[in-house]
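Engineer: just the structure for this:
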Amino acid sequence: MKATMPAVLALALPLAAMGASTKELPPKPTVGDIVKASPQADWRQLDPANTLYMDLAGGRVIIELAPAFAPNHAANIRTMAKEGYWDGLWIYRTQDNFVVQWGDPREDKPKAIGTAKAKLEQEFSVPMKNDTQFTRLPDKDGYAPQVGHSNGFPSARDPKTGQTWLAHCYGMVGVARGNESDSGNGGTLYTVIGNSPRHLDRNITVVGRIVSGMPLLSVLPRGPAPMGMFEKEEQWVPIKSVKLAADVPEAERSKYEVMRTESASFKSVIEAQRNRGGPWTKHAAGHVDLCNVPIPVREAK
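Structural biologist: As a prediction, this is how the structure comes out:
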């Protein structure tokens, strides 16, 4: 004890001195400031043909599909939504710091999927030519040679293989599967509610992201069974319906728009996250992780 105390004190003094001499960072525009000042041209409305409404007792969850990255799964999901596959099914898994999952948990009497395909080849990644709207993030990434944003989705790519894929960031929606790569058809979906599990990239087909309604999912009680499963049927959270926005009367649609990720405003959003200004921030990070870049969404005017 006597030998270690002087060392601790010796370390504490320089740290205190450093803190005292830290210069105050000048104020800079926040993400909120940038959103307020952004021109209308820097925003796009959601495409009703690729937008899902999952209606729960507590409200509506809005999912934007990304057909450029998972064309076959997106098409299958649209078919299931049109035919009412998820209507009356459940959210049956909420694993803390990981995912919320929904679909049909009944292995003994599963709901028929209608005309949708029962099996699909995996779409863990697709050719880079599929993605014509990639805007690269200059910051280094530990999971991919290049990362950035593609029409409102966090994405990654490898120029050597010519492949691109969507990243497992908060709110992204993926297709659950078994050990076999072709065992997921889109009937069972999940969204990330915790730290970004980027190790799942290129191991699961990612089909889109939730643009509104995440609080309805992220605050659900955690499942007590292994992997966050609910043990009893009465614990399952009922899904009223899942519909394509295009199949909902216009008067009943939710009007949202997403900031264009190729716009000057979004470039400013990235910089506001990378190098935050004072007075609260005392040390600007000088770096931003792909999954820590907010993609602004707002109600359409």
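Engineer: okay, now residue 252: neighbour count?
Structural biologist: 9 (other C-beta atoms under 10 Å). For every residue, glycine as well, the C-beta is placed using N, CA and C.
Engineer: and for residue 211?
Structural biologist: For residue 211, the neighbour count with other C-beta under 10 Å is 20.
Engineer: can you tell me how far it is from residue 144?
Structural biologist: The span separating residue 211 from residue 144 equals 23 Å under the rule C-beta to C-beta, to the nearest Å.
Engineer: same thing with residue 49?
Structural biologist: Distance of residue 49 to residue 144, computed by C-beta to C-beta: 29 Å.
Engineer: neighbour count winner among the two?
Structural biologist: Set side by side, residue 49 and residue 144 show unequal neighbour counts under other C-beta under 10 Å, the larger going to residue 144 at 19 against 12.
Engineer: do I have it right that that one meets residue 154?
Structural biologist: No: taking contact to mean C-beta atoms under 8 Å, the distance of 10.6 Å between residue 144 and residue 154 leaves them out of contact.
Engineer: what's the overlap in contacts for those two?
Structural biologist: Any residue near both residue 144 and residue 154 by C-beta atoms under 8 Å, 6 or more residues apart in numbering counts here, and that gives residue 167.
Engineer: can you give me the first-to-last residue distance of stretch 143-151?
Structural biologist: The separation between the terminal residues of stretch 143-151, taken as C-alpha to C-alpha, to the nearest Å, is 21 Å.
Engineer: what is the neighbour count of residue 177?
Structural biologist: Close neighbours of residue 177, defined as other C-beta under 10 Å, add up to 17.
Engineer: ok, the closest residue to it other than its chain neighbours to residue 121 distance?
Structural biologist: Closest residue to residue 177 apart from its sequence neighbours, by C-beta to C-beta, 6 or more residues apart in numbering: residue 184 at 3.3 Å. For residue 184, the distance to residue 121 equals 10 Å [C-beta to C-beta].
Engineer: check residue 71 too.
Structural biologist: Shown here: residue 71 relative to residue 121, a distance of 11 Å by C-beta to C-beta.
Engineer: residue 35 too?
Structural biologist: In this structure, residue 35 lies at 39 Å from residue 121, with C-beta to C-beta as the measure.
Engineer: so for those two, which residue has more residues nearby?
Structural biologist: In this view residue 35 and residue 121 are compared by other C-beta under 10 Å, and residue 35 has more residues nearby, 20 against 11.
Engineer: that one: what secondary structure?
Structural biologist: Secondary structure state of residue 35, per DSSP: H, G, I helix; E, B strand; the rest coil, is helix.
Engineer: now it: closest residue in space, sequence neighbours ignored.
Structural biologist: Closest residue to residue 35 apart from its sequence neighbours, by C-beta to C-beta, 6+ apart: residue 296 at 5.1 Å.
Engineer: let me know how buried the one you found is, in neighbour terms.
Structural biologist: 20.
Engineer: which SSE is the residue nearest to residue 212 when sequence neighbours are not counted in?
Structural biologist: Taking C-beta to C-beta, 6+ apart, and ignoring the residues beside it in sequence, residue 212 has residue 62 as its nearest neighbour in space, at 4.2 Å. Per DSSP states H and E: residue 62 is located in strand 59-65.
Engineer: quick check: buried residues in that strand?
Structural biologist: The neighbour-count criterion (16 or more other C-beta atoms under 10 Å) identifies 61-65 as the buried residues of strand 59-65.
Engineer: ok now do residue 169, which residues does it touch?
Structural biologist: Contact partners of residue 169, counting by C-beta under 8 Å, 6+ apart, are 154, 192, 196, 209, 290-291.
Engineer: quick one, helices of this protein?
Structural biologist: With DSSP state H as the criterion, the chain has helices at 5-21, 31-37, 71-82, 214-218, 264-274.
Engineer: pull the CA atoms of the shortest one into CSV?
Structural biologist: Written as CSV, here are the backbone C-alpha positions of helix 214-218 (Å, rounded to 0.1, in the frame of the first residue of the first chain):
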residue,chain,number,x,y,z
MET,A,214,-37.7,2.7,-32.3
PRO,A,215,-38.8,3.7,-28.8
LEU,A,216,-41.8,1.3,-29.1
LEU,A,217,-39.3,-1.5,-29.5
SER,A,218,-36.3,-0.6,-27.5
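Engineer: cool, thanks, signing off.
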